[in-house]
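Colleague: Build the 3D model from these lines:
(2 chains)
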Amino acid sequence: KAGVTQTPRYLIKTRGQQVTLSCSPISGHRSVSWYQQTPGQGLQFLFEYFSETQRNKGNFPGRFSGRQFSNSRSEMNVSTLELGDSALYLCASSTLTGLETQYFGPGTRLLVL
Amino acid sequence: KNQVEQSPQSLIILEGKNCTLQCNYTVSPFSNLRWYKQDTGRGPVSLTIMTFSENTKSNGRYTATLDADTKQSSLHITASQLSDSASYICVVSRADTDKLIFGTGTRLQVFP
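Modeller: I've put the predicted structure just below:
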């Protein structure tokens, strides 16, 4: 069974631009969560989607948004990029929410110049 | 405030030795606690998940313990291997929102 895939793996943008990251969960998984990881803050939860609905949201500004499609694939969008948005963005999928094991993708490393 | 604190921040041990990583949390209401291993440049991989009623859970050479009364957990690694070099992240889930609160991790380096 294929794992969680994320595209692109690396991305360089400049301040003010916007970016869209993609995540394909493991087949059969309906929950997709997004995380931001930086050396100083560690992993921080962005949001979770389940069956195309946002179920949970972290404490990030409205510039960060996401969506999930009917095939469970998910996208995350960041508008008006700031230098501080440089981070590793991780996507994780699971069959349900709660106690289920989350499987993480390799992440997209975003650098904002 | 819901927090997860891990110690030590970093640890260096010799191959074959045992080590224990600590996780203290103040998250409430508590649902479950997870330990993840994250190799450099890769996404985290789940090691264990424990609920309130579980005191210990093993996954090969990894053994996690949970004391829900003192809100402490530990991850014990037995007979360490070079491949154990990674960051180990403790994550606590809130029972009311299912939100996951992450610790900042312990960076373990195993030397031959």
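Colleague: Any idea what the residue of chain A at minimum distance from chain B is bridged to?
Modeller: Nearest residue of chain A to chain B: A:F104, at 3.1 Å (Cβ to the nearest Cβ). Backbone N, C-alpha and C define where each C-beta goes, glycine included. With DSSP bridges applied, A:F104 shows beta-bridge pairing to A:A92.
Colleague: residue contacts, it?
Modeller: A:4, A:90-92, B:43-45 (Cβ atoms under 8 Å, 6 or more residues apart in numbering or on different chains).
Colleague: So which bits of chain A are right by chain B?
Modeller: A:4, A:33, A:35, A:41-45, A:48, A:55-56, A:58, A:90, A:92, A:97-99, A:101-107 (Cβ under 8 Å from any Cβ of the partner chain).
Colleague: Now do the phi/psi pair for the nearest residue to B:Q3 once chain neighbours are set aside.
Modeller: Using Cβ to Cβ, 6 or more residues apart in numbering or on different chains and skipping residues adjacent in sequence, the residue nearest B:Q3 is B:T26, 4.9 Å away. The phi/psi pair for B:T26 (degrees, to the nearest 10) reads phi -120, psi 10.
Colleague: just B:S73 next, same as before
Modeller: Taking degrees, to the nearest 10 as the convention, B:S73 sits at phi -140, psi 150.
Colleague: The residue nearest to B:Q3 against B:T70, yeah?
Modeller: No. Between B:T26 and B:T70 there is no contact under Cβ atoms under 8 Å: 11.3 Å.
Colleague: who has more neighbours, those two?
Modeller: B:T26 (13 against 8; other Cβ atoms under 10 Å in any protein chain shown).
Colleague: Quick one: low-confidence residue ranges for chain A.
Modeller: A:1, A:97-99 (pLDDT under 70).
Colleague: please redo it, this time with the cut-off set to 80
Modeller: A:1-2, A:40-41, A:96-100 (pLDDT under 80).
Colleague: What ranges does chain B have for its strands?
Modeller: In chain B, the segments counted as strands under DSSP state E are B:4-7, B:10-14, B:19-25, B:30-38, B:45-51, B:56-59, B:62-67, B:72-77, B:86-94, B:100-102, B:106-111.
Colleague: could you dump those to a markdown table with distance to A:L21?
Modeller: A markdown table is the format used below for the strands of chain B (distance: least, Cβ to Cβ, whole Å):
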| stretch | distance to A:L21 |
| --- | --- |
| strand B:4-7 | 26 |
| strand B:10-14 | 30 |
| strand B:19-25 | 29 |
| strand B:30-38 | 19 |
| strand B:45-51 | 21 |
| strand B:56-59 | 30 |
| strand B:62-67 | 31 |
| strand B:72-77 | 30 |
| strand B:86-94 | 21 |
| strand B:100-102 | 19 |
| strand B:106-111 | 26 |
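Colleague: Of all these, which one is nearest A:V78?
Modeller: Comparing the strands of chain B by their distance to A:V78 (Cβ to Cβ), the top pick is strand B:100-102, with 19.8 Å.
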